[in-house]
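Chemist: I'll drop the sequence and a predicted model, then ask my questions.
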Amino acid sequence: MTGPLSFAGATGPAGARTPAAARVRKVMLYSHDTYGLGHLRRNLRIAGHLLASAPELQIVLVSGSSVAEYFPAPPGLTVVKLPSVRKVGADQYRPVNARLDISLVRRTRTAIMVDAVRRFRPDVLLVDHSPAGMNGELLDVFTAVHDHSPSTRVALGLRDILDDPDTVVRTWTEQGIYSLLADVYDQIVVYGSRDVFDVGHHYRLPATVADRLVYTGYLAPGTTRPRPDAGGTEPTAPYLLATAGGGGDGVAVLAGAMAAGATLGMPTKVITGPLIDDEAFDALRAQADRTGGVELVKFHPQLHRAMAAASAVITMGGYNSLCEAISVRVPTVVVPRSQPRLEQTIRAGLFAERGLVATVAAGPDLGARLARAVLHRAPAPPTEALIDLGGLDRLRTALLVPAPGRGAEGRPSGVGDHVATGRVSVARVAGTEGDERPAPDRLADRLPA
């Protein structure tokens, strides 16, 4: 997927300003990818939609994923590979290549991105999820934007839910993220709906930052059930599909799904995710052999098509998985993760309140409880009246049709000023992932009025 850093059209004097409302021709996407597949898959979906609707665009995706090769890049996309790291604890990362030092890897990742900004000079830089990047690796990138491409519009793309509000507010306060949002970001794009989860309210964004929020709706691949893959790669009989996202966790959910399929007498297709470790995969393989009627694979390139062909889906509560399941209106049972973040628990609860999914808590006798939930789960209602799935089109408008007054000239204080004053400490900056704490018992406890 990677290509040489030869960016067509990246000419002209460094630092030359263009009008803020000039036509967008070059977009750079940043995906830190320290855990799972969600960030990579979401950014590939965004890039694919932008290129399909505006083929003249030049798009560069900068990704740290260790499994990017599993996913074909949309035609016209250039992928720049960063050295991969794995999140091993709160604010702690380890290189996937154990022979390398994390400080060297961080400097290398930053140097690659700075070089890309200098040579590509994007019209839009869309940062995924982590405002300062992995351990603050974007701070020098923002300085490069200021020095070499000051007309670049800097946008932050956020999932509908990051974590419970108290945790996000505490983390962003401690790490100086509110200052970063105010001084660096021209736009904050939320891949969700305000009526589902009000990011500005729950995460206590100041008015000057909240004014830059754009809610796109959810980034679903489509709102109709697509046909299964050509060539009959999906089973022809009704089947139960189980998936656990990237596979870094969720083994208990997949094991419970196999037990549920056996109880219901349904063939079961289990997609573990490519990040599952060998020992866990072997244990699931042994269970599948004992159970019978189970197809076990690590990866499916078009997960929403496999969902569309299923009679029911059992999944964890990740953003992409739920967008795909509800977009094809397949009966869905969710076993959300509650550690180290409450993101999935909150999302699954909010979706269940709207009648989009059923939820089952992890714990003892999971297989039997999943079987009962699948048995009683009615077909999904028409989703259009319950949730907004038109996020890709609105995101395209938000990125390619800039709001008046944004851009270098309209930035409150500027990237260079922010970084120069040191208002964000690299040592303190990390994403909101990995914060260990007990889970509250009730959804209402996590969502202040």
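Modeler: It's in.
Chemist: ok, and what's touching the helix or strand harbouring residue 367?
Modeler: Here residue 367 sits within helix 366-376, counting by DSSP states H and E. For helix 366-376, the external contacting residues (CB atoms under 8 Å, 6 or more residues apart in numbering) are 240, 252-253, 255-260, 262-264, 312, 314, 331, 333, 335, 358, 360. Where you see a C-beta, it was placed from the backbone N, CA and C, and this is true even at glycine.
Chemist: Now the buried members of those residues.
Modeler: 240, 253, 255-260, 262, 264, 312, 314, 331, 333, 335, 358, 360 (16 or more other CB atoms under 10 Å).
Chemist: and these, which of them are in strands?
Modeler: Counting by DSSP state E, the part of the buried ones among the contacts of helix 366-376 found in strands is 240, 312, 314, 333, 358.
Chemist: Kindly indicate which of the residues you listed lies nearest residue 278.
Modeler: Residue 278 has its nearest neighbour among those in residue 314, at 23.1 Å by CB to CB.
Chemist: OK, contacts around the closest one?
Modeler: 240-243, 253, 256-257, 260, 332-335, 370, 374.
Chemist: how close does residue 116 get to residue 140?
Modeler: Applying CB to CB, to the nearest Å, the value for residue 116 to residue 140 is 12 Å.
Chemist: Span of stretch 296-312 from start to end?
Modeler: Its start and end residues considered, stretch 296-312 measures 16 Å (CA to CA, to the nearest Å).
Chemist: List the buried residues of that stretch.
Modeler: 296, 299-300, 303-312.
Chemist: repeat for stretch 340-359
Modeler: So for stretch 340-359, counting by 16+ other CB under 10 Å, buried means 340-352, 356-359.
Chemist: Stretch 37-56 too?
Modeler: Using 16+ other CB under 10 Å as the test for burial, stretch 37-56 gives 37-51, 54.
Chemist: In space, what's closest to residue 294 - neighbours in sequence excluded?
Modeler: Closest residue to residue 294 apart from its sequence neighbours, by CB to CB, 6 or more residues apart in numbering: residue 288 at 3.9 Å.
Chemist: now whatever helix or strand that neighbour lives in: how far from the chain's centre is it?
Modeler: Using DSSP H and E, the element containing residue 288 is helix 278-291. Put simply, helix 278-291 sits 28 Å off its chain's centre (CA atoms, centre = their mean, to the nearest Å).
Chemist: Tell me which residues are up against it.
Modeler: Against helix 278-291 from outside (CB under 8 Å, 6+ apart): 247, 251, 254-255, 258-259, 261-262, 268, 270, 272, 276, 294-296, 298.
Chemist: what do you get if the cut-off is 7 Å, keeping everything else the same?
Modeler: With contact meaning CB atoms under 7 Å, 6 or more residues apart in numbering, helix 278-291 is reached by 251, 254, 255, 258, 262, 270, 272, 294, 296, 298.
Chemist: list the contacts for the last one?
Modeler: By CB under 7 Å, 6+ apart, the contact list for residue 298 reads 272, 273, 274, 276, 281.
Chemist: Any stretches of the stretch 251-400 of the chain with poor pLDDT?
Modeler: Segments of the stretch 251-400 of the chain classed as low confidence (criterion: pLDDT under 70) are 379-381.
Chemist: ranges for the helices of it?
Modeler: Listed in chain order, the helices of the stretch 251-400 of the chain (DSSP state H, counting those that start in this stretch) span 251-264, 278-291, 303-308, 319-327, 343-353, 366-376, 391-400.
Chemist: Which strands or helices does the last one pack on?
Modeler: I take that to be helix 391-400. For helix 391-400, the elements it packs on are helix 38-53, strand 187-191, judged by 3 or more CB pairs under 7 Å, 6 or more residues apart in numbering; DSSP states H and E.
Chemist: Including distance to residue 319, could these go into a markdown table?
Modeler: Listed next are the helices and strands packed on helix 391-400 as a markdown table, based on distance: least, CB to CB, whole Å:
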| stretch | distance to residue 319 |
| --- | --- |
| helix 38-53 | 6 |
| strand 187-191 | 7 |
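Chemist: Columns mean pLDDT and distance to residue 220 on top of the ones you listed, output as JSON lines?
Modeler: Shown next, in JSON lines, are these (pLDDT from 0 to 100; distance: least, CB to CB, whole Å):
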{"stretch": "helix 38-53", "mean pLDDT": "92", "distance to residue 220": "9"}
{"stretch": "strand 187-191", "mean pLDDT": "97", "distance to residue 220": "10"}
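Chemist: would a markdown table of the contacts of helix 278-291 with distance to residue 59 be doable?
Modeler: Formatted as a markdown table, the contacts of helix 278-291 follow (distance: CB to CB, whole Å):
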| residue | distance to residue 59 |
| --- | --- |
| 251 | 35 |
| 254 | 34 |
| 255 | 39 |
| 258 | 40 |
| 262 | 45 |
| 270 | 34 |
| 272 | 30 |
| 294 | 39 |
| 296 | 35 |
| 298 | 28 |
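Chemist: roughly how far apart are the residue lying closest to residue 299 once chain neighbours are set aside and residue 109?
Modeler: Counting by CB to CB, 6+ apart, residue 274 is the residue found nearest to residue 299 once chain neighbours are left out, at 4.9 Å. Per CB to CB, residue 274 is found 22 Å from residue 109.
Chemist: Of the two, which one has the most company?
Modeler: Set side by side, residue 274 and residue 109 show more neighbours around residue 109, with 23 against 17, by other CB atoms under 10 Å.
Chemist: domains for this protein, by residue range?
Modeler: Domain ranges of the chain: 26-219+390-421, 240-385, per automatic domain parsing.
Chemist: wait, is residue 59 part of a strand?
Modeler: Yes - assigned with DSSP: H, G, I helix; E, B strand; the rest coil, residue 59 falls within a strand.
Chemist: Scan the protein for its longest helix.
Modeler: helix 102-120 (DSSP state H).
Chemist: mind listing what the nearest residue to residue 48 once chain neighbours are set aside touches?
Modeler: Excluding the flanking residues, the one nearest residue 48 by CB to CB, 6+ apart is residue 74, at 3.7 Å. By CB under 7 Å, 6+ apart, the contact set of residue 74 is 44, 47, 48, 51.
Chemist: Over to residue 296?
Modeler: 270, 272, 284, 285, 288.
Chemist: which SSE is the closest residue to the second one other than its chain neighbours in?
Modeler: Which is residue 272. Spatial nearest neighbour of residue 272, excluding adjacent residues (CB to CB, 6+ apart): residue 247 at 4.8 Å. Following DSSP H and E, there is no helix or strand that holds residue 247.
Chemist: What does residue 247 show for phi and psi?
Modeler: Per-residue torsions, residue 247: phi 100, psi 0 (degrees, to the nearest 10).
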